[in-house]
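Asker: no FASTA, just this:
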């Protein structure tokens, strides 16, 4: 149980979009309590506001994207993971392009950016959605579920027919220190034989050995090697943490994922919000508890962001 948090100051970074290959910059700004995470894009002479919410998610390949208010932004999961991992609840994110810069392919550059800006507590409680009964989604051999637990944690398993991956399982007990040391540095990865196919589909145009772990048939192309022996499964946990930001609030439960991915992660978020009989809200402000109980918090309304920014 804790109070909500935001940034102490404004900070900017720039880079290239992993899939578009285009230059992109973001500016993170402090936001009032109950704002949530809101992307901001300059549309003509006015700012348009796009709250991070499952209702704004759009189908994409190999990344997470949201759309609304006349613009969209994709590959948001690493930035969202950094914010969630550091318990930053309220922030405006000004974007100059339709994709968040990939940086080094992990959440670590965003963690350093946020830490440089500083994090400050606010005078409002942070609500937690506590799971009281299991909720699960499956797709063939892929599965992800959330079940009751006294603390938030993630157990993730992956399997690839590659000598550097094979089967990997990792359990992450959610905390700021564990996120910084165990998850944030894990980079995105891809297979060399799939690169041309990705390019043909308009994906991965900004991918390089500086921002992606690339696997050949029997090894790793990057001279620098791996940051962790099991960096691949750790990165999948990073992705899941970012995807679960679309829930709109912190959770208490045990997420168990097997060969999952962005689409299944976000489907689980949808199922959680569709089954309010399987969770309760803790630490919610009494004046808005009814609204939050329907999982449509005031932070999801663009008018709130507009008012907060004025």
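Answerer: Yes, it's here. Predicted model, so just to flag it, every value in this text is computed and none were measured.
Asker: contacts, neighbours, all on C-alpha from now
Answerer: OK.
Asker: give me the low-pLDDT residue ranges for the stretch 1-150 of the chain?
Answerer: Applying pLDDT under 70 to the stretch 1-150 of the chain flags no residue at all.
Asker: what about the residue nearest the centre of the chain, is that helix, strand or coil?
Answerer: Using CA atoms, centre = their mean, the residue of the chain that lies closest to the mean C-alpha position is residue 242, 1.4 Å off. Put simply, residue 242 is helix when judged by DSSP: H, G, I helix; E, B strand; the rest coil.
Asker: My guess is residue 215 contacts residue 194. True?
Answerer: No: using CA atoms under 8 Å, residue 215 makes no contact with residue 194, being 9.9 Å away.
Asker: the more surrounded of those two?
Answerer: More crowded of residue 215 and residue 194, by other CA atoms under 10 Å: residue 215, with 20 against 11.
Asker: Looking at strand pairing, list the partners for residue 46.
Answerer: Applying DSSP bridges to residue 46 gives these bridge partners: residue 43.
Asker: If you tally nearby residues, what's the number for it?
Answerer: By the criterion of other CA under 10 Å, residue 46 has 8 neighbours.
Asker: Also residue 79?
Answerer: Residues lying near residue 79 (other CA under 10 Å) number 24.
Asker: What distance do you get for it to residue 69?
Answerer: Separation of residue 79 from residue 69 (CA to CA, to the nearest Å) stands at 20 Å.
Asker: Check residue 24 too.
Answerer: 19 Å.
Asker: repeat for residue 209
Answerer: For residue 209, the distance to residue 69 equals 35 Å [CA to CA].
Asker: can I assume the residue nearest to the centre of the chain is in contact with residue 75?
Answerer: No: applying CA under 8 Å as the test, residue 242 and residue 75 come out as separate, 10.0 Å apart.
Asker: Nearest residue to residue 114 in space, please, no chain neighbours.
Answerer: Distances taken as CA to CA, 6 or more residues apart in numbering put residue 7 closest to residue 114, at 7.3 Å, once the chain neighbours are dropped.
Asker: which residues touch the one you found?
Answerer: 29, 30, 31, 88, 90, 91, 114, 117, 118, 119, 120 (CA atoms under 8 Å, 6 or more residues apart in numbering).
Asker: ok, back up a step: show me the contacts for the residue nearest to the centre of the chain.
Answerer: So residue 242 contacts 76, 77, 78, 79, 80, 81, 82, 84 (CA under 8 Å, 6+ apart).
Asker: Tell me which two in those are the farthest apart.
Answerer: Within the contacts of residue 242, 76 and 84 form the most distant pair, 12.2 Å apart (CA to CA).
Asker: Now do the contacts for residue 75.
Answerer: Contacts of residue 75 (CA under 8 Å, 6+ apart): 17, 18, 63, 64, 65, 99, 100, 102.
Asker: Check the gap between residue 205 and residue 16 for me.
Answerer: For residue 205, the distance to residue 16 equals 10 Å [CA to CA].
Asker: just the strands in the stretch 101-250 of the chain please.
Answerer: For the stretch 101-250 of the chain, the strands defined by DSSP state E, counting those that start in this stretch cover 119-125, 128-131, 135-139, 142-147, 153-160, 166-173, 189-191, 213-215, 250-252.
Asker: Next up, the contacts around the closest residue to residue 174 other than its chain neighbours.
Answerer: Once flanking residues are discounted, residue 174 sits nearest to residue 153: 5.2 Å by CA to CA, 6+ apart. Contact analysis of residue 153 by CA under 8 Å, 6+ apart lists 171, 172, 173, 174, 252, 253, 254, 255.
Asker: tell me the pLDDT at the nearest residue to the first one once chain neighbours are set aside?
Answerer: Meaning residue 171. Spatial nearest neighbour of residue 171, chain neighbours left out: residue 155 (4.3 Å); criterion: CA to CA, 6+ apart. Note on residue 155: pLDDT of 98.
Asker: Looking at strand pairing, list the partners for residue 155.
Answerer: Beta-bridge pairing of residue 155 under DSSP bridges involves residue 171, residue 256.
Asker: Number of residues surrounding it?
Answerer: Neighbours of residue 155 (other CA under 10 Å): 17.
Asker: That one touches residue 170, doesn't it?
Answerer: Yes: taking contacts as CA under 8 Å, residue 155 lies within contact range of residue 170: 5.7 Å.
Asker: what's the spacing between residue 100 and residue 199?
Answerer: Separation of residue 100 from residue 199 (CA to CA) stands at 19 Å.
Asker: Look at those two and report which has more neighbours.
Answerer: Neighbours per residue (other CA under 10 Å) separate residue 100 from residue 199, with residue 100 holding more: 29 against 15.
Asker: Quick check: the gap between the more buried one and residue 151.
Answerer: From residue 100 to residue 151 the distance is 31 Å (CA to CA).
Asker: try residue 256
Answerer: Distance, residue 256 to residue 151, by CA to CA: 14 Å.
Asker: quick one: which of those two has more around it?
Answerer: Between residue 256 and residue 151, counting by other CA under 10 Å, residue 256 is the more crowded of the two (18 against 13).
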